[in-house]
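Participant: here is my input, please return the structure:
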Amino acid sequence: MLNIKSIPAFRDNYIWLIQNRDQHCVIVDPGEAGVVIDYLESNHLTLDAILITHHHADHTGGISELVRHFPHINVVGPASEAIPGITHSVAGGDQIEIFGHTFRILDLKGHTLGHIGYLGESLVFCGDTLFSAGCGRLFEGTAEEMWHSLQKLSALPDDTKVYCAHEYTASNLAFALAVEPENPELQAYRDEVNRLRAHHQPTVPTTIGLEKKVNPFLRPDQAEIIKSVSDRTSDLDPLSVFTVLREWKNEF
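Facilitator: Numbering: from 1, shown residues only. So this is what the prediction gives:
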């Protein structure tokens, strides 16, 4: 059985730690090394590997120091992105093994052109592709690419846990409620998120099932969402609605 913990970093990043029963672990997207090293030392853990979803510095900045501290670890990352320190390049469709568990690599381009995710049994590490009640900005990819990536994730079983890399939920919900103010699931989720954040608790992981109820970027076929964007576009197919939503969120 894998035990997954979050290590907060910077203002709103989460570095995910996957631990087995023998005090060995794997780190996902270490933007900084110091908080990871402190956590490993205080919990007497041995680092075996690092998984990287994309090249942005807040996901990769800790690689070099962690490799110096743990010189024999593997560093797994996307084959199509130039990331210093990668020892094992992977692409969509590949598989890796973590403590006896198989993880499949998902091609999740959109936020960046080479963005990948790591899909295990009932869980996915999706970097900056899908957030709770939101999705990543389009820094390199197109809206169509991001839409296809989100469709891959939304097709996963509803109980799949989504380990995204940022605590953006409260701000994402403010936008989601502007888009779909009459959604009772959104209203209830906002109240729960406000309660969690008031107690300094994380709002992630989320689940695919929850996101299909509250995330406007997975719901562009819903009547209230279509109505909300109808003054911004005359094209109301799901991709066009998604594109307008992403542009609207940029300025929200």
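Participant: all the helices of the protein, residue numbers only.
Facilitator: Assignment of helices within the chain using DSSP state H yields the ranges 34-42, 57-60, 63-69, 143-154, 169-179, 184-198, 208-214, 223-229, 238-251.
Participant: can you give me the end-to-end span of stretch 74-89?
Facilitator: 10 Å (C-alpha to C-alpha, to the nearest Å).
Participant: reformat the helices of the chain as a markdown table; add distance to H24 and mean pLDDT.
Facilitator: Where you see a C-beta, it was placed from the backbone N, CA and C, and this is true even at glycine. Below are the helices of the chain laid out as a markdown table (distance: least, C-beta to C-beta, whole Å; pLDDT from 0 to 100):
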| stretch | distance to H24 | mean pLDDT |
| --- | --- | --- |
| helix 34-42 | 10 | 97 |
| helix 57-60 | 22 | 98 |
| helix 63-69 | 15 | 97 |
| helix 143-154 | 28 | 98 |
| helix 169-179 | 30 | 98 |
| helix 184-198 | 30 | 97 |
| helix 208-214 | 28 | 98 |
| helix 223-229 | 44 | 95 |
| helix 238-251 | 39 | 96 |
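Participant: ok, now which ones touch I37?
Facilitator: 65-66, 69 (C-beta atoms under 8 Å, 6 or more residues apart in numbering).
Participant: just the buried members of those?
Facilitator: Buried subset of those (neighbour count, 16 or more other C-beta atoms under 10 Å): L66.
Participant: show me the beta-bridge partners of the residue nearest to D48 when sequence neighbours are not counted.
Facilitator: In space, and not counting its chain neighbours, D48 is closest to H24: 5.2 Å by C-beta to C-beta, 6 or more residues apart in numbering. Taking DSSP bridges as the rule, H24 bridges to T46.
Participant: closest to L196 among the contacts of I37?
Facilitator: Set against L196, the nearest of the contacts of I37 by C-beta to C-beta is L66 (29.5 Å).
Participant: just checking, that closest one touches D29?
Facilitator: No. Between L66 and D29 there is no contact under C-beta atoms under 8 Å: 11.7 Å.
Participant: report the central residue of the chain.
Facilitator: C164 (2.6 Å; C-alpha atoms, centre = their mean).
Participant: dump the residue contacts of the nearest residue to R219 once chain neighbours are set aside.
Facilitator: With sequence-adjacent residues excluded and distances taken as C-beta to C-beta, 6+ apart, R219 is closest to I225, at 5.7 Å. By C-beta under 8 Å, 6+ apart, I225 lies in contact with 179-180, 216, 219, 241, 245.
Participant: repeat for P202
Facilitator: So P202 contacts 6, 14, 167, 196 (C-beta under 8 Å, 6+ apart).
Participant: ok, D107 next?
Facilitator: Counting by C-beta under 8 Å, 6+ apart, the residues that D107 touches are 91-93, 116, 149, 152.
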